[in-house]
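[1] pasting the structure only:
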């Protein structure tokens, strides 16, 4: 079967995260500059080669002071580690339309395996004749696994920022014409 290449449709995709702040509410953020690509056997994503990268400088939590802190050496250290990346090792069907995406996430100079739940929305042709594939991705990581240890103890007990980070992405890929 012929190899099909897919590239990111950045205007219809987003990469976001949530983390507990003060251990009782969530703060959301996203990366504004990122790329993703996939290679598949025809239109079958079950053995897809998938790659993703994001520019750390593009982190956005709608608070400039917090964004600058996240870019600092306390967290992402964007000056030393300007990108984060993910390379898939497996895209396995779990049930109709649901997959487990396994691969290596590299962030802050540290690589760890992660698993994400991928909901496959299907393949459609848009009004301009482009063939698109849609996915919703969800997962969790422990930020300390990647060397992001900064925190502050609270007067009432607990810490300012949770270790668990929830990831959510909405991805549209565009089939590349040979």
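    Nice, thanks for sending it over. Just so it is clear, the model here is predicted, and its values are computed rather than measured.

[2] can you map out the strands along this protein?
    Remark: strands assigned in the chain by DSSP state E are 3-8, 14-21, 25-31, 34-41, 44-55, 59-60, 83-95, 98-107, 110-125, 131-142, 161-175.

[3] which neighbours does the first one have in its sheet, and in what orientation?
    Think strand 3-8. strand 34-41 (antiparallel), strand 161-175 (antiparallel) (DSSP bridges).

[4] Serialize the ones you listed to JSON lines and add fields for mean neighbour count.
    For glycine as for every other residue, the C-beta is placed from the backbone atoms N, C-alpha and C. Below are these laid out as JSON lines (neighbours: other C-beta atoms under 10 Å):
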{"stretch": "strand 34-41", "mean neighbour count": "18"}
{"stretch": "strand 161-175", "mean neighbour count": "18"}
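
[5] Identify the spatial nearest neighbour of residue 8, chain neighbours not counted.
    residue 36 (4.3 Å; C-beta to C-beta, 6 or more residues apart in numbering).

[6] and residue 138, what is it in contact with?
    Neighbouring residues of residue 138 by C-beta atoms under 8 Å, 6 or more residues apart in numbering: 116-117, 119, 166-169.

[7] These into JSON lines, with extra columns for distance to residue 13 and pLDDT?
    Shown next, in JSON lines, are those (distance: C-beta to C-beta, whole Å; pLDDT from 0 to 100):
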{"residue": "116", "distance to residue 13": "15", "pLDDT": "97"}
{"residue": "117", "distance to residue 13": "17", "pLDDT": "97"}
{"residue": "119", "distance to residue 13": "14", "pLDDT": "96"}
{"residue": "166", "distance to residue 13": "18", "pLDDT": "96"}
{"residue": "167", "distance to residue 13": "14", "pLDDT": "97"}
{"residue": "168", "distance to residue 13": "12", "pLDDT": "97"}
{"residue": "169", "distance to residue 13": "7", "pLDDT": "97"}
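
[8] Which pair in those residues has the greatest spatial separation?
    119 and 166 (15.3 Å; C-beta to C-beta).
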